[in-house]
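Peer 1: the sequence and its predicted three-dimensional model are supplied below.
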Amino acid sequence: MAVLNFDNQTGDADTAYWRYAFPHLLREQFAEVKSLRVLEAAGAYPQLNLKRGDPVNQDLARRIGEIVEARRVIWGTYRRDGEKWVVTVKVLNVASGRSREVLASAENWYDVRDKLTGQILAALGAKPTEAERSKLLRRSTGSPSALEWYGKAYAAQQERKPMPELEASLRKAVADDPQFSDALAYLGAVLGSEGNPGPAEDAVRRALKLRPDATAYHQTLAYVLLMKDDLDGAERELQAALRLEPDDPETLERIGECCLVRDKLDDAIAVWQEAKQLNPVSASLCAHLGNAYATQGQREPALLELAEAERLEADDVNAEQLIWQGYATLREIPQAVQHLDTFVRLAEKMGVQPDLIASVQETGRVLKARLTPQEIAATMPKEYTEASLQAVLRERLTDDELKMVVNPLESTPEMDRWARELTAGATDDLEKAKMLFNALIRRLQTGQGGTRTAREVFAAWKDPAQSFSCQEYAKLYVALARAVGVKCFYVHLERDYLGDCVYHDCAAVFSGDKAYLVDAAYIWFGVPHKDYLVLDDLQTIAHQLFQPSPEGRLVERCQVAAKLHPNFAWGQMQLVGAYVQENQPEAARKALAAALQLEPNRWDGPYYEGKIAVLTGKPDAAVEDFRKSLVINPKFSDTHLLLGLILHGQGKLKEARDELRLALLYSQSAQQSKAANQAIAQINEMLEGK
């Protein structure tokens with residue numbers, strides 16, 4: 001289950017902290033019921049373009065539940081009625097989309113919680129034991145003001161406020177109630193993060209004297225003792241936590257960290273794998289595993305886990321530290337630098353130990369120095385004037401076909417002016433090219449977007465809600481570079497610098513006798529990609545036509561594109577896809593045969609054979625084709641998605657779920673992610689109890 005933030009309907013901003021604090025009270029309470037597993041949902045928010053405090057409706061709650069693989073989702077609202085808090089809670093079945101609503105009111109938040117508990121448990125179908133029922137009624141403080149300060153501290157943490165702000169609120173909570181064990185333990189954790197392990201240990205030990213059976217307190221004390229290099233003491237506390245809750249994934253995560261300190265990497269991996277079975281949507285567990293696999297030189301498992309950690313991570317400073325370290329170990333410097341910078345930003349904002357931040361920043365400077373541009377061996381394509389380009393188009397196309405043509409690299413006076421502003425002070429073309437690159441990556445938000453032209457991208461550039469695909473960055477970059485006299489062309493890419501199969505685009509800059517690939521999506525000026533084609537403007541127009549358009553008519557567009565770039569295997573594959581989309585399997589087969597004559601061993605050959613098999617009602621053949629495709633290109637999300645859906649239909653539920661999770665891992669489409677999430681939710685429901 002997942003408990004989301006609540007919506008503040010009081011109209012009073014001073015009570016906004018309860019949107020985080022009350023759900024936290026519910027999570028703490030439900031953690032006492034062993035038949036329930038409370039999942040962290042924060043990682044789903046950025047995937048849906050939500051901020052942590054944003055209200056959610058039923059559709060969003062269901063999407064969040066699908067993303068974190070929760071079977072049930074709880075969320076709600078709160079308001080005031082005189083002196084009473086009135087809280088409405090919804091309990092959603094993620095698979096069915098149906099929800100139940102319960103309501104309670106009281107002057108005290110603990111009273112509200114307790115009134116709701118029985119109703120929520122009934123809606124969940126959970127039956128606590130007698131021992132669990134007694135724990136459910138336990139209250140950490142009898143002081144309403146202490147509880148308020150505790151809630152403010154938790155809200156500040158959720159909003160990534162500086163640690164001193166959290167500390168101040170927690171000290172007030174403890175001052176109001178010196179026996180408030182939750183506040184004492186929380187204060188210890190904050191003091192530890194600030195680099196004060198002595199006072200941190202004192203605070204947590206006071207909490208444990210008040211409540212020795214609190215698993216979380218033992219975990220916190222272990223964390224503090226590790227900071228003091230007391231490994232034996234930390235392990236004793238974690239074993240105590242494990243005796244209290246044998247299946248607690250956070251305890252297992254900390255035990256794995258102790259194994260790592262003792263140089264028992266295999267043991268650490270085994271423990272983290274066990275923890276991940278209990279909590280498969282933990283960004284920090286995925287990051288731990290990715291880092292560990294990287295240390296062992298297991299490149300593919302490491303990349304898989306790190307990519308999963310990136311997908312799940314939601315401004316988690318600890319996960320970011322592990323992610324950049326893992327990528328650095330793998331010598332994936334652009335990714336390492338990106339996550340290192342994110343870690344530093346979060347750590348500075350939160351007031352994490354200054355010495356640690358300084359050390360990481362120095363490492364960042366070293367990594368960035370290694371990002372030296374690498375030249376490529378490429379011949380500059382033919383340059384067209386506007387007149388010569390139009391002449392070739394008129395020569396090859398009919399008047400009706402010409403109406404479909406758009407030059408995706410065309411600029412505007414405003415774009416030209418912006419390019420000149422961005423490159424002011426540059427002394428040569430290469431410096432101009434680098435300045436433009438640095439300007440664009442500051443606005444980097446890849447993964448979504450589409451096939452917009454340079455003009456359309458520029459028009460959307462200042463809208464913070466917009467994100468852009470690799471090809472959209474490339475088109476804008478080429479247009480801007482040309483506006484300031486840089487020789488720049490569009491590039492179609494099929495294998496990146498790692499040798500991975502990709503459908504990807506970037507730009508190429510020619511300066512004197514040197515050429516460089518410029519790739520905003522990889523955050524790399526001078527990236528040494530392996531299989532690429534530098535396109536002239538006629539071929540770039542064909543590339544644009546080979547792709548979907550809001551105007552539709554994809555088959556016709558691909559046929560027109562083929563007149564402009566007839567020997568382009570990737571383009572011919574787009575024609576195959578267009579025929580499949582139009583439910584024309586025979587035409588698709590003929591187009592596929594023609595495409596494979598140009599390049600026989602492409603990964604998308606069996607991929608499209610599989611799609612044709614699906615279209616003609618041959619699921620077994622489709623499974624075989626998709627598996628062949630994944631041998632060559634294991635990172636194409638749509639292949640995993642289609643394979644997972646077929647396996648789901650065949651009743652092979654666990655195999656299907658594995659494929660659907662891989663589809664999520666590699667997905668760059670919100671629609672694909674949603675389909676995979678929904679199918680996983682159905683499978684989880686079907687597997688319950690098996």
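Peer 2: Looks like it came in fine. The structure presented is a predicted model; accordingly, all values stated were derived computationally and were not measured.

Peer 1: so where do the helices sit in the stretch 201-350 of the chain?
Peer 2: Ranges of helices in the stretch 201-350 of the chain, per DSSP state H, counting those that start in this stretch, are 215-227, 231-244, 249-261, 265-278, 283-296, 299-312, 317-329, 333-350.

Peer 1: buried stuff in the second one?
Peer 2: Neighbour counts using 16 or more other CB atoms under 10 Å place Gly233, Ala234, Glu235, Glu237, Leu238, Ala240, Ala241, Leu242, Leu244 of helix 231-244 among the buried residues. Using the backbone N, CA and C atoms, a C-beta is placed for each residue, glycine as well.

Peer 1: check contacts around the nearest residue to the last one once chain neighbours are set aside.
Peer 2: Closest residue in space to Leu244, ignoring its immediate chain neighbours: Thr215 at 4.7 Å, by CB to CB, 6 or more residues apart in numbering. With contacts defined as CB atoms under 8 Å, 6 or more residues apart in numbering, Thr215 is in contact with Ala241, Leu244, Glu245, Asp248, Thr251.

Peer 1: now swap in Thr15 and tell me
Peer 2: Shown in contact with Thr15 (CB under 8 Å, 6+ apart): Asn8, Arg80.

Peer 1: quick one: the nearest residue to Ala275 once chain neighbours are set aside and Thr215, what's the gap?
Peer 2: Excluding the flanking residues, the one nearest Ala275 by CB to CB, 6+ apart is Leu252, at 3.8 Å. As judged by CB to CB, to the nearest Å, Leu252 and Thr215 stand 12 Å apart.

Peer 1: repeat that for Ala156.
Peer 2: From Ala156 over to Thr215 the distance is 24 Å, taken as CB to CB.

Peer 1: about what we covered before: so which of the helices of the stretch 201-350 of the chain gets nearest Ala41?
Peer 2: Closest approach to Ala41 among the helices of the stretch 201-350 of the chain (CB to CB): helix 299-312, 10.4 Å.

Peer 1: show me what the closest one is packed up against.
Peer 2: Secondary-structure packing of helix 299-312 (3 or more CB pairs under 8 Å, 6 or more residues apart in numbering; DSSP states H and E): helix 283-296, helix 317-329, helix 653-666.

Peer 1: buried residues in the first one?
Peer 2: This points to helix 283-296. Residues of helix 283-296 classed as buried by neighbour count (16+ other CB under 10 Å): 283-295.

Peer 1: quick one: residues in contact with it.
Peer 2: By CB under 8 Å, 6+ apart, the surrounding residues in contact with helix 283-296 are 43, 249, 253, 256-257, 260, 265, 268-269, 272-273, 275-276, 279, 299, 301-306, 308-309, 312-314, 316, 318-319, 322-323, 325-327, 329-330.

Peer 1: surely Glu159 and Lys51 touch.
Peer 2: No - counting by CB atoms under 8 Å, Glu159 does not reach Lys51; the two are 9.3 Å apart.

Peer 1: among those two, which residue is more densely surrounded?
Peer 2: Glu159 (16 against 9; other CB atoms under 10 Å).

Peer 1: state the distance from that one to Ser388.
Peer 2: Taken as CB to CB, the span from Glu159 to Ser388 is 57 Å.

Peer 1: check Glu313 too.
Peer 2: Distance from Glu313 to Ser388, by CB to CB: 49 Å.

Peer 1: which one of the two is surrounded by more residues?
Peer 2: Counting neighbours by other CB under 10 Å for Glu313 and for Ser388 shows that Glu313 has the greater number, 23 against 13.

Peer 1: what sits against the more buried one?
Peer 2: Counting by CB under 8 Å, 6+ apart, Glu313 touches Gly43, Ala283, Ala287, Ala319, Glu320, Ile323.

Peer 1: was I right about the last one contacting Leu312?
Peer 2: In this case it means Ile323. No - here Ile323 lies out of contact with Leu312, judged by CB under 8 Å, at a distance of 10.5 Å.

Peer 1: more neighbours: those two, which one.
Peer 2: Between Ile323 and Leu312, Ile323 has the larger neighbour count (other CB under 10 Å), namely 30 against 27.

Peer 1: for the buried residues of helix 283-296, work out which two are farthest apart.
Peer 2: Longest span within these, CB to CB: Ala283 and Thr295, 18.6 Å.

Peer 1: can you pull the buried residues of the helix or strand hosting Leu92?
Peer 2: If you go by DSSP states H and E, Leu92 is part of strand 84-93. Buried residues in strand 84-93, counted by 16+ other CB under 10 Å: Trp85, Val86, Val87, Thr88, Val89, Lys90, Val91, Leu92, Asn93.

Peer 1: with stretch 325-345 instead?
Peer 2: Across stretch 325-345, burial judged by 16+ other CB under 10 Å covers 325-330, 332-344.

Peer 1: what sits up against it?
Peer 2: Stretch 325-345 is touched from outside by 287, 290-291, 293-295, 299, 302-303, 305-306, 310, 317, 320-321, 323-324, 357, 360-361, 363-364, 367-368, 370-371, 522-524, 527, with contacts defined as CB under 8 Å, 6+ apart.

Peer 1: for Gln547, give its distance to Leu554.
Peer 2: Gln547 sits at a distance of 8 Å from Leu554 (criterion: CB to CB).

Peer 1: need the contact list for the residue nearest to Arg482 when sequence neighbours are not counted.
Peer 2: Leaving aside its chain neighbours, Arg482 sits nearest to Cys488 (5.6 Å; criterion: CB to CB, 6+ apart). Counting by CB under 8 Å, 6+ apart, Cys488 touches Ala433, Tyr477, Val478, Ala481, Arg482, Ala507, Ala508, Val509, Phe510, Val518.

Peer 1: Cys488 in helix, strand or coil?
Peer 2: What DSSP: H, G, I helix; E, B strand; the rest coil gives for Cys488 is strand.

Peer 1: for it, name its beta-bridge partners.
Peer 2: Val509 (DSSP bridges).

Peer 1: can I get the buried residues of helix 231-244 in a markdown table including pLDDT and distance to Val204?
Peer 2: Converted to a markdown table, the buried residues of helix 231-244 look like this (pLDDT from 0 to 100; distance: CB to CB, whole Å):
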| residue | pLDDT | distance to Val204 |
| --- | --- | --- |
| Gly233 | 96 | 12 |
| Ala234 | 96 | 12 |
| Glu235 | 96 | 16 |
| Glu237 | 97 | 9 |
| Leu238 | 96 | 13 |
| Ala240 | 97 | 13 |
| Ala241 | 96 | 12 |
| Leu242 | 95 | 17 |
| Leu244 | 93 | 15 |
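
Peer 1: which single one of these is nearest to Asp658?
Peer 2: Each of those was checked against Asp658 using CB to CB; the closest is Leu242, at 28.7 Å.

Peer 1: doesn't Arg191 belong to a strand?
Peer 2: For residue 191 the amino acid is Leu, not Arg. No - read with three-state DSSP, Leu191 is helix and lies in no strand.

Peer 1: mind listing what it touches?
Peer 2: By CB under 8 Å, 6+ apart, the residues touching Leu191 are Glu167, Pro197, Pro199, Ala200, Ala203.

Peer 1: mind pulling up the pLDDT for it?
Peer 2: The confidence metric pLDDT takes the value 95 at Leu191.
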